[in-house]
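*Asks:* Take a look and give me a structure for this.
(chains A and B)
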Amino acid sequence: MNRREFNRLLTAGVVAGILPKTSLSFAGGKPNYNIPQKGNARLLHITDCHAQLNPVYFREPNVNMGLNAALGRTPHVVGNAFLKKNHIDKASIEAHAFTYLNFNSAAREYGKIGGFAHLATLIKSLKESAGDDENSLLLDGGDTWQGSATAYWTRGKDMVQAANLLGVDIMTGHWEFTYKDEEVFSNVDDFNGEFLAQNIKLTEDAQFEGKRSYDEDTGHVFKPYTIKVINGHKVAIIGQAFPYTPVANPKRFIPDWSFGIQAQDLQELVDDIKSNEKPAAIIVLSHNGMDVDLKLASVVTGIDFILGGHTHDGVPVPEIVKNSRGQTVVTNAGSNGKFVGVLDLNLDNGKLKGYEYRLLPVFSNFIKADPEMAALIETIRKPHLDTLNEELAISETLLYRRGNFNGTFDQLICDALRHELNAQISLSPGFRWGTTVLPGQAITFEHVMDQTCITYPETYARDMLGNEIKAILEDVADNLFHPDPFYQQGGDMVRVGGMNYICDPTASTGNRITNLTLDNGKAIEANKYYKVAGWATVGSKAPGKPIWEIVANYVRNQKTVNITQVNSPKLKNVGNNPGIVL
Amino acid sequence: MTVSRRKFLNLLTVGSTACLALLTPITSWAAWASDAFNATKVDDAFNNLLGSASTTESDEVKLKVPKIAENGGAVPVSVKTSMKDVESISIFVKDNPQPLTASFTIPAGTVADISTRIRLAQTSTVTAVIKAGGKLYSKSQEVKVTIGGCGG
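*Replies:* As a prediction, the model looks like this:
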């Protein structure tokens, strides 16, 4: 294909909202990682690796519901509906990358995904095929410093080292802010790239007290945007951190910072960049989550691309959102090091002429580990190997978390809470991170940490009224199913143990959860007390042991783990939703 | 000489003591408006304060308030407009025990741009009402107060 033809294709892609067929470059069941550059500037995008330095298994969800405008829209399709929508062959390696279908056998066939040593090799080769370093940028959407035991024990420092060696140029954040503010600054100072966030400002009090900020006048805690010259062309990158960090995570670690989506500020910033910096393209590196990004793209104009994360959606074909002054291309690049987004831009004379996007699944068995990165990872892990590798029990069940409701690993956590803390009911947060354990594999202490290690891991067991339990479920359900994405927080539904309920995601706020019963079938009464165990309280520190001790103790006392019953709710009014396969 | 924002703000606190004297007449007005501030229904609060519960929705009323409150006890809110002849700016929280939360009189010739913090007992619609040229204009937004947690 000559350059002219390529440009024509690119323009066609831009106009028609479809991508050239080469979007996925896998052939004969094996991935082909030789991706020649199209256009003249290459942006590489990783996000939500959750500190997984080594390759892992990660199962995509079988429930990822969209409602109202999001019904059946990317990313709210799962399984065969996903394959059909994205024109992926069921027997292909991509089908394994993007869906849960035949997970056990496919995971055994194709092996683990991600790992920083493999990412390093892949990213080097993608940069090389773009000419040289001057022709590409590596962007990291955040959730990089949290999710593994070593990240927790080093307060994110191991990941800063790894990101520096990987050559990350720009990042934004979310779980990064679950360390204390001074630790965040220390990590940002150690990071060789730029840490951007247009939507984090000092509170008025903190500004008054002269707390550390990037800009004393505007109150921005971090630099809001940066201008990079790629292959001679100016590109603007704006950082958008997770808007609801102080709501979804403890505010007490970052008391001086205020977040929010700040769509008006973003519009003003984009307009300002357009008129003063005159870049050829404006890109938002976002940790909003896909549904929030899609709405943002419809209300803020002038953004060419939103490279998104947070909701962990592997989106092979980006969504194109039309707005009053043009269009914005919105992507989401999955999680756990499973994918690298490759956005090739054709920039000409200060204008964006075309683009090509692909989301490459990272199959570690097909990529050589980078020796330098492998050595760093070994150094980081060496002091902890005995602890990490402790085999607690053999799992007979596929253990995973991701999905709108209880995964099997969540059920194990909920069972452990009830058993160890002697509770009738247990609650466990609907995080979207946490790696997968295949049947027959040993559950190691590291696996438990992959599912639980947060900076507020303390457990509790206390008496709660039935209507308090319902209120918690309603509150979290609203964060997930509110019709307006700007009111959603992007996590999944809180997981429960020892109880069941009916959930109507289409009902109004406060009316989605009904028929709460205990495992024995007895109704949970509004004004009766029940002993409830849980962890990850955001308001104040809970009194109990860290959750990983509870889970490890519980699993250690069993030879094998077999999850037979999962406390997922019965669903109502979502019959034909292509985001559900049960 | 450039004055940093912090120094400037510090200067302001000194200045604000002097402003107190100017603010005193408002207390007598507040006494007059006690029926409005004590009303427990939003329509009563509207009627008692503004003489009417019907307003015209207007994008000219620029209401800035978070969609999800980071702290329901102190939610930052700002209201401004470029409309002419603004007499007052009032803020109502529909589901608070006493919906009328704040009311500012805007003297002639001053910029209609206020910001304050309000308390939300629970998730509620927040409405800003601007009285300008004898007419009432409003803008509303839902502000969610959540118990938080469980984000991914």
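*Asks:* For chain B, tell me whether stretch A:73-92 is touching it.
*Replies:* No: using Cβ under 8 Å from any Cβ of the partner chain, no contact is recorded between stretch A:73-92 and chain B, whose separation bottoms out at 13.7 Å. Every residue, glycine included, has its C-beta placed from N, CA and C.
*Asks:* now do stretch A:185-199
*Replies:* No: applying Cβ under 8 Å from any Cβ, one finds stretch A:185-199 out of contact with chain B, separated by at least 11.1 Å.
*Asks:* what's the first-to-last distance across that stretch?
*Replies:* Between the start and the finish of stretch A:185-199 there is a gap of 16 Å, counting by Cα to Cα, to the nearest Å.
*Asks:* Quick check: buried residues in that stretch?
*Replies:* The neighbour-count criterion (16 or more other Cβ atoms under 10 Å in any protein chain shown) identifies A:S186, A:N187, A:V188, A:F191, A:G193, A:E194, A:F195, A:L196, A:A197, A:Q198, A:N199 as the buried residues of stretch A:185-199.
*Asks:* mind checking the longest helix of chain A?
*Replies:* As far as residue count goes, and with DSSP state H defining each element, the longest helix of chain A is helix A:466-481.
*Asks:* Pull out the buried positions in that helix.
*Replies:* Along helix A:466-481, these residues count as buried under the neighbour rule (16+ other Cβ under 10 Å): A:466, A:468-470, A:472-481.
*Asks:* likewise stretch A:52-69?
*Replies:* For stretch A:52-69, a neighbour-count test (16+ other Cβ under 10 Å) marks A:52-67 as buried.
*Asks:* Correct me if wrong: A:M464 contacts A:Y530.
*Replies:* Yes: counting by Cβ atoms under 8 Å, A:M464 does reach A:Y530; the two are 5.9 Å apart.
*Asks:* Residue 49: neighbour count?
*Replies:* This is for chain A. A:C49 has 34 neighbouring residues, counting by other Cβ atoms under 10 Å in any protein chain shown.
*Asks:* actually chain B
*Replies:* B:L49: 21 neighbours (other Cβ under 10 Å).
*Asks:* so it sits right up against B:S103, yeah?
*Replies:* Yes: counting by Cβ under 8 Å, B:S103 is a contact partner of B:L49 at 6.2 Å.
*Asks:* For the two, list the residues in contact with both.
*Replies:* Between them, B:L49 and B:S103 share the neighbouring residues B:A33, B:A36, B:S90, with contact defined by Cβ atoms under 8 Å, 6 or more residues apart in numbering or on different chains.
*Asks:* list the contacts for the first one?
*Replies:* In this case it means B:A33. Listed by Cβ under 8 Å, 6+ apart, the contact partners of B:A33 are B:N48, B:L49, B:S103.
*Asks:* tell me which element the second one falls in.
*Replies:* Secondary structure from DSSP states H and E places B:L49 in helix B:42-50.
*Asks:* which strands and helices sit next to that helix?
*Replies:* With contacts defined as 3 or more Cβ pairs under 8 Å, 6 or more residues apart in numbering or on different chains; DSSP states H and E, the packing partners of helix B:42-50 are helix B:34-38, strand B:86-93, strand B:100-105, strand B:124-132.
*Asks:* Run through the helices of the stretch 201-350 of chain A in chain order.
*Replies:* In the stretch 201-350 of chain A, the helices defined using DSSP state H, counting those that start in this stretch lie at A:204-208, A:245-248, A:263-276, A:290-299.
*Asks:* Could you dump those into a markdown table and include distance to chain B, mean neighbour count and mean pLDDT?
*Replies:* Converted to a markdown table, these look like this (distance: least, Cβ to the nearest Cβ, whole Å; neighbours: other Cβ atoms under 10 Å in any protein chain shown; pLDDT from 0 to 100):
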| stretch | distance to chain B | mean neighbour count | mean pLDDT |
| --- | --- | --- | --- |
| helix A:204-208 | 5 | 16 | 93 |
| helix A:245-248 | 2 | 26 | 95 |
| helix A:263-276 | 7 | 16 | 97 |
| helix A:290-299 | 10 | 24 | 98 |
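*Asks:* Having no further points to raise, I will conclude here.
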